[in-house]
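Trainee: My questions concern the predicted model and sequence given below.
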Amino acid sequence: MIVTGYQTLEDRDNIDHVETVGPFPCSRGDAWLSNGCYLWDTNMKWAIEWGQNSFGKKGKEFIIATCGIDLSKKCFDLFGSVADKVEFMKIVEVFKQSGKLKPHHRVIVANIIRFMENKNIFPYKSIRAADYPSEQKKYYYSVNNERGEYSIMNQRVQVCVKHKKGVILPPFRVIFPDKYNDQL
């Protein structure tokens with residue numbers, strides 16, 4: 001499956017460099033899926049909101065670039081693959097049973113992925129995962145919620161590309177703000 005990815009970056013007036021070299025990796029310690037190139041999956045609104053919160057609030061300008069992402073190339077899909085979710089939960093159980101993760105500790109996804117990478121048991125080129133914004137959009141399956149079951153439809157989905165070759169589909173081009181988009 002191929003999706004459209006959007007990466008939000010600080011505007012450093014270097015569009016040619018961005019389009020030639022990007023997307024760019026994130027190596028921050030709080031990168032939630034470990035190190036890699038983070039792109040928003042399909043919804044540019046998330047990329048704009050990220051830019052406003054990460055750069056705009058600091059008085060900095062930002063840009064958004066886009067490209068295709070091939071998820072069929074060894075993607076650990078924690079959003080769309082039940083099998084990958086089950087595999088991840090099994091790994092967490094192994095951590096708990098081995099004592100590496102205490103029952104009262106939070107499971108930090110990036111720590112599990114880094115451990116798997118360090119042990120050479122992470123053969124994936126990308127990771128796809130969703131988070132849940134504070135204002136969840138719940139859609140119930142029964143009248144008056146008698147069953148208590150619902151779906152959440154506004155998860156924010158990101159792809160963390162660990163190895164760009166064959167996964168990132170060119171061109172990587174800046175499309176926001178409008179002054180950089182010659183298509184509009």
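Mentor: Received the coordinates, thanks.
Trainee: For the residue nearest to residue 141 when sequence neighbours are not counted, give me its contacts.
Mentor: Counting by Cβ to Cβ, 6 or more residues apart in numbering, residue 141 lies nearest to residue 149, which is 4.8 Å off, once chain neighbours are set aside. Placement of C-beta: from N, CA and C, glycine included. By Cβ atoms under 8 Å, 6 or more residues apart in numbering, the contact list for residue 149 reads 140, 141, 142.
Trainee: Can you get me a residue count around the second one?
Mentor: It stands for residue 141. Residues near residue 141, counting by other Cβ atoms under 10 Å, number 11.
Trainee: So residue 161 sits against residue 69, correct?
Mentor: Yes. Using Cβ atoms under 8 Å, residue 161 is in contact with residue 69, at 6.8 Å.
Trainee: list the residues that contact both of those two?
Mentor: Both residue 161 and residue 69 are contacted by 39, 126, 167, 168, under the criterion Cβ under 8 Å, 6+ apart.
Trainee: Among the residues you listed, find me the one that's closest to residue 90.
Mentor: Among those, residue 126 lies closest to residue 90 (Cβ to Cβ), at 20.3 Å.
Trainee: hey, what's the closest one bridged with?
Mentor: residue 75, residue 161 (DSSP bridges).
Trainee: Tell me which other helices or strands the lowest-mean-pLDDT helix or strand in the chain touches.
Mentor: The weakest-scoring helix or strand in the chain, judged by mean pLDDT, DSSP states H and E, is strand 138-140 (a mean of 76). If contacts are counted by 3 or more Cβ pairs under 8 Å, 6 or more residues apart in numbering; DSSP states H and E, strand 138-140 sits against strand 150-152.
Trainee: Determine the set of other helices and strands touching the strand it packs on.
Mentor: Packing contacts for strand 150-152, counted by 3+ Cβ pairs under 8 Å, 6+ apart, involve strand 138-140.
Trainee: Good, we can wrap up now.
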